[in-house]
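Asker: Next input, structure requested:
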Amino acid sequence: MGVGAFYCGLIYNDMFSLPWNIFGECFETKLDEIHTSHIPGCVYPIGFDPMWYRATNELAFFNSFKMKFAVIFGVL
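Answerer: So this is what the prediction gives:
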(Lines give C-alpha, C1' and ligand atoms only; values in the text may rest on other atoms or scores of the structure.)
Protein backbone atom coordinates (compact mmCIF):
# COMPACT_ATOMS: atom_id res chain seq x y z
CA MET A 1 0.00 0.00 0.00
CA GLY A 2 2.89 2.34 0.69
CA VAL A 3 4.32 1.84 -2.79
CA GLY A 4 0.87 2.46 -4.30
CA ALA A 5 0.44 5.63 -2.25
CA PHE A 6 3.88 6.88 -3.27
CA TYR A 7 3.16 6.15 -6.94
CA CYS A 8 -0.22 7.90 -6.88
CA GLY A 9 1.32 10.89 -5.13
CA LEU A 10 3.94 11.06 -7.84
CA ILE A 11 1.37 10.80 -10.62
CA TYR A 12 -0.97 13.41 -9.06
CA ASN A 13 2.06 15.57 -8.15
CA ASP A 14 1.00 16.11 -4.55
CA MET A 15 1.86 15.12 -0.98
CA PHE A 16 -0.57 15.38 1.94
CA SER A 17 -3.12 16.76 -0.57
CA LEU A 18 -0.91 19.75 -1.32
CA PRO A 19 0.38 20.20 -4.88
CA TRP A 20 4.13 20.32 -5.46
CA ASN A 21 5.60 22.83 -7.85
CA ILE A 22 8.90 21.05 -8.50
CA PHE A 23 9.40 21.69 -12.21
CA GLY A 24 7.65 25.06 -12.52
CA GLU A 25 4.61 25.57 -14.74
CA CYS A 26 4.05 25.26 -18.48
CA PHE A 27 1.52 28.08 -18.45
CA GLU A 28 2.03 31.77 -17.93
CA THR A 29 -0.61 33.96 -16.34
CA LYS A 30 -1.42 37.28 -17.95
CA LEU A 31 -1.61 40.50 -15.96
CA ASP A 32 -5.36 40.26 -15.40
CA GLU A 33 -4.90 36.88 -13.58
CA ILE A 34 -7.76 35.38 -15.60
CA HIS A 35 -6.24 34.36 -18.90
CA THR A 36 -3.36 31.92 -19.19
CA SER A 37 -1.40 30.75 -22.19
CA HIS A 38 0.69 27.65 -22.77
CA ILE A 39 4.43 28.15 -23.14
CA PRO A 40 5.36 26.71 -26.57
CA GLY A 41 7.47 23.55 -26.39
CA CYS A 42 7.01 23.10 -22.64
CA VAL A 43 6.07 19.59 -21.50
CA TYR A 44 5.62 18.81 -17.81
CA PRO A 45 7.97 15.85 -17.10
CA ILE A 46 5.95 13.92 -14.49
CA GLY A 47 2.65 14.38 -12.71
CA PHE A 48 0.21 17.20 -13.31
CA ASP A 49 1.11 20.75 -14.08
CA PRO A 50 0.34 22.78 -10.91
CA MET A 51 -1.75 25.17 -13.02
CA TRP A 52 -4.52 22.50 -13.05
CA TYR A 53 -5.11 23.17 -9.35
CA ARG A 54 -6.20 26.73 -10.23
CA ALA A 55 -8.40 25.80 -13.21
CA THR A 56 -12.17 26.22 -13.12
CA ASN A 57 -12.68 22.61 -14.22
CA GLU A 58 -10.19 21.18 -11.68
CA LEU A 59 -12.65 18.90 -9.91
CA ALA A 60 -14.11 17.48 -13.12
CA PHE A 61 -10.66 16.89 -14.60
CA PHE A 62 -9.17 15.18 -11.54
CA ASN A 63 -12.25 13.05 -10.85
CA SER A 64 -12.31 11.86 -14.45
CA PHE A 65 -8.60 11.04 -14.40
CA LYS A 66 -8.82 9.22 -11.06
CA MET A 67 -11.75 7.07 -12.23
CA LYS A 68 -9.96 6.11 -15.45
CA PHE A 69 -6.74 5.44 -13.56
CA ALA A 70 -8.58 3.29 -10.99
CA VAL A 71 -10.11 1.14 -13.74
CA ILE A 72 -6.75 0.67 -15.49
CA PHE A 73 -4.96 -0.05 -12.21
CA GLY A 74 -7.71 -2.48 -11.17
CA VAL A 75 -7.51 -4.40 -14.43
CA LEU A 76 -3.74 -4.66 -14.18
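Asker: Name the residue closest to the centre of the protein, please.
Answerer: Closest residue to the average C-alpha location of the chain: residue 48 at 2.3 Å, with C-alpha atoms, centre = their mean.
Asker: tell me which strands and helices the one helix or strand residue 28 maps to is in contact with?
Answerer: Per DSSP states H and E: residue 28 is located in strand 27-29. Secondary-structure packing of strand 27-29 (3 or more C-beta pairs under 8 Å, 6 or more residues apart in numbering; DSSP states H and E): strand 36-38. Where you see a C-beta, it was placed from the backbone N, CA and C, and this is true even at glycine.
Asker: Give me the buried stretch members for stretch 3-18, please.
Answerer: 12-14 (16 or more other C-beta atoms under 10 Å).
Asker: I'd like those as a markdown table, with distance to residue 57, secondary structure and pLDDT appended.
Answerer: A markdown table is the format used below for the buried residues of stretch 3-18 (distance: C-beta to C-beta, whole Å; DSSP: H, G, I helix; E, B strand; the rest coil; pLDDT from 0 to 100):
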| residue | distance to residue 57 | secondary structure | pLDDT |
| --- | --- | --- | --- |
| 12 | 16 | helix | 73 |
| 13 | 17 | coil | 71 |
| 14 | 18 | strand | 71 |
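Asker: Check the average confidence over the strand holding residue 28, would you?
Answerer: The average pLDDT for strand 27-29 rounds to 73.
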